[in-house]
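Visitor: predicted model, plus sequence, below.
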Amino acid sequence: MVFHPVRFPLDIALGARGGPRWQTDVVSLVSGAEQRNQRWASSRRRYNAGYGIKSIADLETVIAFFEERRGRLHSFLFRDPFDWTSGAVGAGVTATDQALGTGDGATLVFQIIKTYGALFDPAVRRITKPVTGTVRVAVDGGELVEGAGFSVDHVTGLISFSSPPAGAAVLTSGFEFDVETRFDTDRLDLEIAGFDAANAPDIPLIELV
């Protein structure tokens with residue numbers, strides 16, 4: 001199995017349904033109270049891309065993509081239609097959208113992250129597949145130039161600074177990103193519904209974390 005750095009057809013992905021999922025054990029006690037235990041360190045996203053198929057051309061595109069991935073074997077990129085940028089969707093990317101870390105005068109490499117929530121128990125998500133050409137980085141609010149001040153690994157989401165940020169420097173970043181996913185089935189169930197209409201009720205995709 002290998003990762004294929006190719007994106008699932010975007011026009012079909014925009015019609016997908018799905019979102020994040022957590023895994024929590026809930027045990028009811030004799031007293032009527034309950035105990036809850038979080039089994040996963042981070043959420044995992046699932047999607048159904050079948051809702052995005054409208055035409056026979058869409059069907060042909062997905063069949064070709066599915067066959068080349070060998071069903072569940074190879075992973076690929078997917079644009080989450082609900083969550084694909086560091087800031088609010090439609091607001092544009094800025095270099096101060098998300099916290100990246102704090103300089104210590106020695107560390108050069110930092111992981112791109114996105115934080116959800118702020119008050120109680122913020123969830124921090126590792127971003128491993130930033131979109132090429134969209135990553136912006138700032139140190140204490142001053143934006144750096146990619147290629148001169150920093151570089152980006154688009155397979156791991158690691159940012160490498162050209163020189164270590166000074167101690168206590170506030171590091172921030174902005175970006176667009178894709179999700180590494182795979183098909184969660186080895187079989188497609190397809191239907192031609194009309195002259196140029198097609199259905200694929202269930203094309204499950206699952207995020208790799």
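Guide: Cool, got the structure. Residues are numbered from 1 along each chain as shown.
Visitor: okay, CA-based contacts and neighbour counts for the rest of this
Guide: Noted.
Visitor: show me what the most centrally placed residue in the chain is bridged to.
Guide: With distances taken as CA atoms, centre = their mean, V179 lies nearest the centre of the chain, 3.1 Å away. Beta-bridge pairing for V179 (DSSP bridges): F78.
Visitor: and if you look at E143?
Guide: Counting by DSSP bridges, E143 forms beta bridges with A138.
Visitor: that one and D202, how far apart?
Guide: Note on E143: its distance to D202, by CA to CA, to the nearest Å, is 44 Å.
Visitor: what of A57?
Guide: From A57 to D202 the distance is 17 Å (CA to CA).
Visitor: these two: which is more packed in?
Guide: D202 (16 against 13; other CA atoms under 10 Å).
Visitor: ok, that one to A88 distance?
Guide: Taking CA to CA, one finds D202 at 29 Å from A88.
Visitor: contact partners for the residue nearest to the centre of the chain?
Guide: Going by CA atoms under 8 Å, 6 or more residues apart in numbering, V179 touches 77-80, 128-129, 207-208.
Visitor: of the residues you listed, buried ones?
Guide: Buried members of those, scored by 16 or more other CA atoms under 10 Å, are 77-80, 128-129, 207.
Visitor: columns pLDDT and distance to Q38 on top of the residues you listed, output as a markdown table?
Guide: Formatted as a markdown table, the buried ones among the contacts of V179 follow (pLDDT from 0 to 100; distance: CA to CA, whole Å):
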| residue | pLDDT | distance to Q38 |
| --- | --- | --- |
| L77 | 98 | 27 |
| F78 | 98 | 26 |
| R79 | 97 | 27 |
| D80 | 97 | 24 |
| T128 | 97 | 23 |
| K129 | 98 | 26 |
| E207 | 98 | 18 |
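Visitor: now, which of those sits nearest A16?
Guide: In terms of CA to CA, no member of the buried ones among the contacts of V179 lies closer to A16 than D80, at 8.4 Å.
Visitor: surely the closest one is within a strand?
Guide: No - counting by DSSP: H, G, I helix; E, B strand; the rest coil, D80 falls outside a strand, being coil.
Visitor: how far away is it from A118?
Guide: Using CA to CA, D80 is found at 22 Å from A118.
Visitor: swap in F76?
Guide: For F76 relative to A118 (CA to CA), the value is 31 Å.
Visitor: please identify which of the two sits among more neighbours.
Guide: Ranked by neighbour count (other CA under 10 Å), F76 and A118 place F76 first, with 21 against 8.
Visitor: host element of the more buried one?
Guide: According to DSSP states H and E, F76 maps onto strand 75-78.
Visitor: who are the packing partners of that strand?
Guide: Under the contact definition 3 or more CA pairs under 8 Å, 6 or more residues apart in numbering; DSSP states H and E, strand 75-78 sits against strand 3-7, strand 179-183.
Visitor: chain center to the last one: distance?
Guide: In this view, strand 179-183 has its centroid 9 Å away from the chain centroid, taken as CA atoms, centre = their mean, to the nearest Å.
Visitor: what does the first one give?
Guide: Relative to its chain's centre, strand 3-7 lies at 13 Å (CA atoms, centre = their mean).
Visitor: do stretch 109-124 as well
Guide: 14 Å.
Visitor: hmm, who's touching it?
Guide: In contact with stretch 109-124 (CA under 8 Å, 6+ apart) are residues 42, 86, 98-101, 125-128, 157-161, 173.
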